[in-house]
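Student: with the sequence up front, the predicted model follows.
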Protein chains: 2
Amino acid sequence: MKETSATASLSAEAYLILREKILRGELPIGQVVSRRKVAVELGMSMLPVSEALQRLELEGLLESRPRAGTRVKIPTEDEVRGHYVVREALEVQAAKLFAEVATASERAELQKLAARVDALSTKAGKDRFLYLSHHEKLHRRIAEGAHCQPLCDAIEKNQVLASTWLCVPRAKATNEPSRRHQDLAATLCNESPKVAAEAMRKHVQNALKNTLGRLESYFQIRQSAQTVFTRSSKS
Amino acid sequence: MKETSATASLSAEAYLILREKILRGELPIGQVVSRRKVAVELGMSMLPVSEALQRLELEGLLESRPRAGTRVKIPTEDEVRGHYVVREALEVQAAKLFAEVATASERAELQKLAARVDALSTKAGKDRFLYLSHHEKLHRRIAEGAHCQPLCDAIEKNQVLASTWLCVPRAKATNEPSRRHQDLAATLCNESPKVAAEAMRKHVQNALKNTLGRLESYFQIRQSAQTVFTRSSKS
DNA sequence: GGCGAGATTCTGATATGACAGATTGATTTT
DNA sequence: AAAATCAATCTGTCATATCAGAATCTCGCC
């Protein structure tokens, strides 16, 4: 195992490592994860691991039943839709504030980043994670441009939840307009707050459709019998 | 000690009890809370208490330094302002959805509840907590009327954070229009989603001013020296 | 009287081990 | 062969004890 940089607490270290694994898709949706095995892998006691898992569960990345097991959360369709309602609320607010108070350099960087995201978007395939991390950074920059830390935090937590879903490949390829993010960025930088807000709203609602298509298969699985999960496929 | 209803886990029980105490103002802002003492009080080990405190800290109700201590969080002015930015985003979204999809009975109950809240608002004084809990219920009903569970959850978490702040009495009494909530409710029930959203936006921005006035004294304290907290006044 | 070094007593963090509930799979029964 | 049963094994939960860091207190020094 690799010695990662010493963190303040073992619990925090375990949290960061596991979170990263989930975000990168190394632990896919539905993957069962055992406290003991993780503890052995990370070379620490079960207790800090337990705290880390509890935290990840509170954030919505994991789900567990008291003495049965823990797994990477399998979302419901309603949960996904609801998630995007919250996301719309937060990101529209961020877009509005960005259009109001972002500095010139922040606007410039946003447009540059948007161009890169769109570029990565076209050649979909191997670089999925690279695209995702740039896309995430784009939205983070918008939040930062709003100059409101709590809003940033809320948006980031929200994004983290969704990133599990975005790791699953989609069945049928849909070719969307490839200037989506550049157009959005331009609107946020040059138009009035109200116009910026509406542009972001459209963007998020579009993202919802994309995600729903991606997760179609999981929704059907859930319906059948997986409400209670088994202990197959250990980590 | 009273035997509260048996919860799934001791950790969850401790969480609920402590959260309730903080919400009711029994543990005021800045109150130091020791894991050991709480463990003795609740008749359980330090571990479930520890998990509960960690959870409360993640939710923003407590703050702690690694091996120094834990206390009920003392907010920064920026944090309060930022909190209300997030709140505005969420509640405006809820108001819009409420105006779109709330049922007739939900609308009726909302207006009734709003009248009660305004009534409790005028005779400010002893019934502070009663008013607060009704006010909280009002906003919860709006969120429920939007028929979106994740949005409800987000708003409730948000409210919980603020309820610590609302427990502190304000220095100078300000007499506001006493039909605030009734007017708001009427707008949500009878006007278009856009109008409803703007009404809610105004309402939240007004609430921000109220809260800022309430917390003035704490902001000054924080400036002086309390960035690092001492161990005075144990629980 | 003010002030600093060290002992003391607090804090939260972690390891270890035992426990109870849930799942699993082999065994027995129908 | 299919279904019920029970032991083995997994799970998360929790108690106890110990550890290391931080705050406080005390006592000697200036």
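Tutor: Received the coordinates, thanks.
Student: can you get me a residue count around the residue of chain A found nearest DNA strand D?
Tutor: Among the residues of chain A, A:Ser34 lies closest to DNA strand D, at 3.1 Å counting by CB to the nearest atom of the strand. Where you see a C-beta, it was placed from the backbone N, CA and C, and this is true even at glycine. Residues near A:Ser34, counting by other CB atoms under 10 Å in any protein chain shown, number 18.
Student: in this structure it contacts A:Gly69, no?
Tutor: Yes - A:Ser34 is in contact with A:Gly69 according to CB atoms under 8 Å; the separation is 7.4 Å.
Student: is stretch A:73-82 up against DNA strand D anywhere?
Tutor: No - for stretch A:73-82, no contact with DNA strand D is found by CB under 7 Å from any atom of the strand; the gap never falls below 13.3 Å.
Student: buried set for that stretch?
Tutor: Using 16 or more other CB atoms under 10 Å in any protein chain shown as the test for burial, stretch A:73-82 gives A:73-76, A:79-82.
Student: among those residues, which lie within helices?
Tutor: Judged by DSSP state H, these include A:79-82 as members of helices.
Student: restrict these to contacts with DNA strand C.
Tutor: Applying CB under 7 Å from any atom of the strand to these, none is adjacent to DNA strand C.
Student: what is the nearest of the residues you listed to chain B?
Tutor: A:Gly82 (3.3 Å; CB to the nearest CB).
Student: what's near enough to touch the residue of chain A lying at maximal distance from its centre?
Tutor: Using CA atoms, centre = their mean, the residue of chain A lying farthest from its centre is A:Ser45. It sits 28.6 Å away. Neighbouring residues of A:Ser45 by CB atoms under 8 Å, 6 or more residues apart in numbering or on different chains: A:10, A:39.
Student: torsion angles phi and psi at it?
Tutor: The phi/psi pair for A:Ser45 (degrees, to the nearest 10) reads phi -70, psi 170.
Student: tell me how far it lies from A:Lys157.
Tutor: Distance check for A:Ser45 against A:Lys157: by CB to CB, to the nearest Å, it reads 27 Å.
Student: can you list phi and psi of the residue nearest to the spatial centre of chain A for me?
Tutor: Central residue of chain A (CA atoms, centre = their mean): A:Ser163, 2.7 Å from the mean position. Main-chain dihedrals, A:Ser163, degrees, to the nearest 10: phi -70, psi -20.
Student: what pLDDT does the closest residue to it other than its chain neighbours get?
Tutor: Leaving aside its sequence neighbours, A:Ser163 sits nearest to A:Leu23 (CB to CB, 6 or more residues apart in numbering or on different chains; 5.1 Å). A:Leu23 carries a pLDDT value of 94.
Student: quick check: A:Leu23 touching A:Leu166?
Tutor: No - contact criterion CB under 8 Å: A:Leu23 and A:Leu166 do not qualify, at 9.7 Å.
Student: check which helix or strand covers the nearest residue to A:Arg55 once chain neighbours are set aside.
Tutor: Of all residues not flanking A:Arg55 in the chain, A:Tyr15 sits nearest, at 5.6 Å (CB to CB, 6+ apart). According to DSSP states H and E, A:Tyr15 maps onto helix A:10-23.
Student: could you dump that helix to CSV, C-alpha only?
Tutor: What follows is helix A:10-23, C-alpha atoms only, in CSV (Å, rounded to 0.1, in the frame of the first residue of the first chain):
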residue,chain,number,x,y,z
LEU,A,10,-6.8,8.5,10.5
SER,A,11,-10.5,8.9,10.2
ALA,A,12,-10.1,11.9,7.8
GLU,A,13,-7.5,10.0,5.8
ALA,A,14,-9.8,7.0,5.3
TYR,A,15,-12.6,9.4,4.4
LEU,A,16,-10.5,11.1,1.7
ILE,A,17,-9.2,7.8,0.2
LEU,A,18,-12.6,6.2,0.1
ARG,A,19,-14.3,9.2,-1.3
GLU,A,20,-11.7,9.5,-4.0
LYS,A,21,-12.2,5.8,-4.9
ILE,A,22,-15.9,6.3,-5.2
LEU,A,23,-15.6,9.5,-7.2
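Student: so it, near DNA strand D or not?
Tutor: No - residues of helix A:10-23 contacting DNA strand D under CB under 7 Å from any atom of the strand: none, with a closest distance of 11.9 Å.
Student: which parts of that helix are buried?
Tutor: If you call a residue buried by 16+ other CB under 10 Å, then helix A:10-23 has these buried ones: A:10-11, A:13-15, A:17-19, A:21-23.
Student: turn the residues you listed into TSV, columns for distance to A:Arg214.
Tutor: Compiled in TSV, the buried residues of helix A:10-23 are given as follows (distance: CB to CB, whole Å):
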residue	distance to A:Arg214
A:Leu10	35
A:Ser11	32
A:Glu13	31
A:Ala14	29
A:Tyr15	26
A:Ile17	26
A:Leu18	23
A:Arg19	21
A:Lys21	20
A:Ile22	16
A:Leu23	16
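Student: most widely separated two among these?
Tutor: Across the buried residues of helix A:10-23, no pair lies farther apart than A:Leu10 and A:Leu23, at 20.2 Å, counting by CB to CB.
Student: pLDDT score assigned to A:Thr76?
Tutor: Predicted confidence (pLDDT) for A:Thr76: 92.
Student: touching, the residue nearest to A:Arg55 and A:Gln54? I think so.
Tutor: No - counting by CB under 8 Å, A:Gln54 is not a contact partner of A:Tyr15; they are 9.6 Å apart.
Student: about what we covered before: and the residue nearest to A:Ser163, what does it touch?
Tutor: A:Leu23 makes contact with A:160, A:163-164, A:167 under the criterion CB under 8 Å, 6+ apart.
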